[in-house]
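> predicted model, plus sequence, below.
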Amino acid sequence: MKTSRSWKRARAPRFVVTATATAFLLALPGRGVLAQARDNVSGFAVHELGMSVGYALEQLPPITLGGELPSDVLDADLITSATAAIDWHHVTPRASYALDLSGTYTSRAVYSQLNAPGGDLTFSMSHALGRRWRLNAALSGSLTSADQMAYQQTQVGRLVGAATSFDDLAGTVALARSPSPDLSQAVLFVPISQSLAASDLYGNRVMAGAARVDANYVASARLAVNAHASDTAARRVSASSATGLAIPFPDSIATDAGIAVSYGRSERSQVTAALDYTKASGSYTDEAMVASGGYGWSGRKWFAATTLGTAIRPFHIPAFGPVTTIRNLSPAIVGTGKLGYKFRTQTLLVEYRRATHDEFGHGGRDIATGFEGNVQSAAASWAWMSPRSRWIAQSNFSVLRGPGNFSYIFAWLSTLSAGRELSSGVRLTGEVLFDRHGSRGFEGFHLMREGARLNVTWIPQRRPAA
């Protein structure tokens, strides 16, 4: 079978991800399109300015495992926030460098004890070494709270909102060879605060830092190898108990390192194999080796990707302090599945994951009983964007099931947003949110959040430095 000229010239896949847009500003649909247009321009620029106002209502658990009795309900509160971001990009024929800085301040009218600043800082670089090697690296830091994280996009939502075409989305999700590498990097890098559940942060302010490096080797147009390593740490810097007991947030560390190989069977299909070492330590500790294989496919409107593997725990982890340890040494089945659709104005992406632990070893484990189990999650995102209309809409849904509280803890999150371009670079967006975090086996432990807000955002046109 003959291959197309574009397939012969295809670049190697970029499995990993190094550049990012700021976490606080990715909540608006379509934002990635504007970021994509600026990535090839060097110099400093105002990235985005925004204001939002809305209400939030939290229902706290009537009792907790510690026996404390916080307030049952936080009355509806007016929440106002302001965000600003700047960035610096430098692009050469063989390298690119980026610095992204964002800041936000969230203010409550009634519960002023929860007022807090936040921000994200990321530096990333990508450099070609010869004709076949490319080195990517990133450093990032984050300061955040539950109010600032409430409306942030899931990874699936960011993928849908940032995709400029079917090939962008299918190439990034299913085939790992997006025709727009900068877009691929920006949407797949998970900001630190995105890996934490907002419901786990009630009453806490958390600071986190991460480092990641990966090297890609292009053996041919079909075959590529990727080696990567990352380390992330998060810790609580302050907590407010004025409006009820803050949910405990243990210091946590997440480490990952591995190697992956991909082979393009055709222009529209790809197989992968990967071996990873992963460790998470928070309220519990888990350490495992994961071997997996995968397959990706794309058609004219649909695309799909799946991975299946096994996780083994040959490591001895001594328990210390309040941290419990995974004791089950039998192999565990892990894997992912993705299904997507993009045609004309409609975009849909659905994802399922099964793993031995969440990103930071929280997962809602019951320390008293030592309950163990896998972590499963599902996420879906739908977006409507028409080049002939100033209106945009996006809906996101996610659920995570983790072991704990004599059964399983479920974290549900759903958001719906709709907006309109008022003028060039100015957008008005309305959003509603429902969030529930709790246990079926121990209904006294749950947290519910409802909210709505209105955003006005200005994204100026990027002007290159003189």
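All right, it came through fine.

> could you list the low-pLDDT ranges of the stretch 151-300 of the chain?
The stretch 151-300 of the chain contains residues with pLDDT under 70 at 177-200, 241-248.

> just the helices in it please.
For the stretch 151-300 of the chain, the helices defined by DSSP state H, counting those that start in this stretch occupy 155-162, 166-173, 181-188.

> can you list the buried residues in stretch 424-440?
By 16 or more other C-beta atoms under 10 Å, the buried positions in stretch 424-440 come out as 427, 429, 431-433, 435-439. Heads up, the C-betas are built off the backbone N, CA and C, glycines and all.

> lowest-confidence entry in those?
Among the buried residues of stretch 424-440, Ser439 carries the weakest pLDDT, at 62.

> the stretch 151-300 of the chain: strands as residue ranges?
All strands of the stretch 151-300 of the chain, identified by DSSP state E, counting those that start in this stretch, fall at 204-218, 223-239, 252-266, 269-281, 284-298.

> typo on my end, it should be the stretch 301-450 of the chain
With strands called from DSSP E, counting those that start in this stretch, the stretch 301-450 of the chain shows them at 302-312, 324-325, 332-343, 346-355, 375-385, 391-404, 407-423, 426-439, 446-458.

> sheet partners, orientation included, of the first one?
What it means is strand 302-312. Strand 302-312 has these partner strands in its sheet, going by DSSP bridges: strand 284-298 (antiparallel), strand 332-343 (antiparallel).

> hey, which of the ones you listed is tucked in deepest?
Stretch with highest mean neighbour count among the strands paired with strand 302-312: strand 284-298 (a mean of 20; mean count of other C-beta atoms under 10 Å).

> for that one, C-alpha coordinates in CSV please.
Listed next in CSV are the C-alpha coordinates belonging to strand 284-298 (Å, rounded to 0.1, in the frame of the first residue of the first chain):
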residue,chain,number,x,y,z
TYR,A,284,-1.0,6.4,51.8
THR,A,285,2.1,5.2,49.8
ASP,A,286,2.1,3.1,46.7
GLU,A,287,5.1,2.1,44.5
ALA,A,288,4.8,0.1,41.3
MET,A,289,6.3,-0.9,38.0
VAL,A,290,3.8,-0.6,35.1
ALA,A,291,4.1,-2.4,31.8
SER,A,292,1.6,-1.5,29.1
GLY,A,293,0.8,-1.7,25.4
GLY,A,294,-1.5,0.5,23.4
TYR,A,295,-3.2,1.1,20.1
GLY,A,296,-4.5,4.3,18.5
TRP,A,297,-6.7,4.8,15.4
SER,A,298,-8.3,7.7,13.7
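
> what residues are up against Thr255?
Contacts for Thr255 (C-beta atoms under 8 Å, 6 or more residues apart in numbering) come out as 230-232, 277-280.

> next: Ser238.
By C-beta under 8 Å, 6+ apart, the contact set of Ser238 is 204-205.

> so how far is Val213 from it?
As judged by C-beta to C-beta, to the nearest Å, Ser238 and Val213 stand 31 Å apart.

> out of the strands paired with strand 302-312, the one nearest Asp256 is which?
Closest of the strands paired with strand 302-312 to Asp256 is strand 284-298, at 9.4 Å (criterion: C-beta to C-beta).

> count of neighbours near Tyr352?
Per other C-beta atoms under 10 Å, the neighbour tally for Tyr352 reads 15.

> from Thr345, how far out is it?
The value you get for Tyr352 to Thr345, if C-beta to C-beta is used, is 26 Å.

> what does Ala163 give?
Taking C-beta to C-beta, one finds Ala163 at 13 Å from Thr345.

> tell me which of the two has more neighbours.
Using other C-beta under 10 Å, the more surrounded residue of Ala163 and Thr345 is Ala163, with 29 against 14.

> wait, that one sits on Val156?
No. Counting by C-beta atoms under 8 Å, Ala163 does not reach Val156; the two are 11.3 Å apart.

> list the buried residues of the helix or strand hosting Thr83.
In the assignment (DSSP states H and E), Thr83 maps to strand 73-91. For strand 73-91, the neighbour count (16+ other C-beta under 10 Å) marks 74, 77, 79, 81, 83-89, 91 as buried.

> could you dump the residues you listed into TSV with distance to Ser145 and pLDDT added?
Shown next, in TSV, are the buried residues of strand 73-91 (distance: C-beta to C-beta, whole Å; pLDDT from 0 to 100):
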residue	distance to Ser145	pLDDT
Leu74	14	64
Asp77	14	86
Ile79	11	91
Ser81	11	94
Thr83	14	93
Ala84	17	94
Ala85	18	92
Ile86	22	91
Asp87	23	89
Trp88	27	89
His89	29	88
Val91	34	88
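
> want to throw the strands paired with strand 302-312 into TSV with distance to Ser252?
Below are the strands paired with strand 302-312 laid out as TSV (distance: least, C-beta to C-beta, whole Å):
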stretch	distance to Ser252
strand 284-298	10
strand 332-343	20
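
> where does the stretch 1-150 of the chain dip in pLDDT?
1-41, 60-75.

> so where do the strands sit in it?
Taking DSSP E, counting those that start in this stretch as the criterion, the stretch 1-150 of the chain carries its strands at 43-59, 73-91, 95-108, 116-129, 133-145.

> wait, doesn't Thr122 sit right on Tyr97?
No. Using C-beta under 8 Å, Thr122 is not in contact with Tyr97; the gap is 11.5 Å.

> these two: which is more packed in?
Higher neighbour count among Thr122 and Tyr97: Thr122, with 25 against 16, using other C-beta under 10 Å.

> where's the residue nearest to the more buried one when sequence neighbours are not counted relative to Gln152, distance?
Spatial nearest neighbour of Thr122, excluding adjacent residues (C-beta to C-beta, 6 or more residues apart in numbering): Ser140 at 4.1 Å. With distances taken as C-beta to C-beta, Ser140 is found 15 Å from Gln152.

> give me the more crowded residue out of the two.
Legend: neighbour count by other C-beta under 10 Å for Ser140 and Gln152, higher for Ser140 (25 against 21).

> bridging residues for the residue lying closest to Phe410 once chain neighbours are set aside?
Leaving aside its sequence neighbours, Phe410 sits nearest to Arg401 (C-beta to C-beta, 6+ apart; 5.4 Å). Taking DSSP bridges as the rule, Arg401 bridges to Gln376, Phe410.
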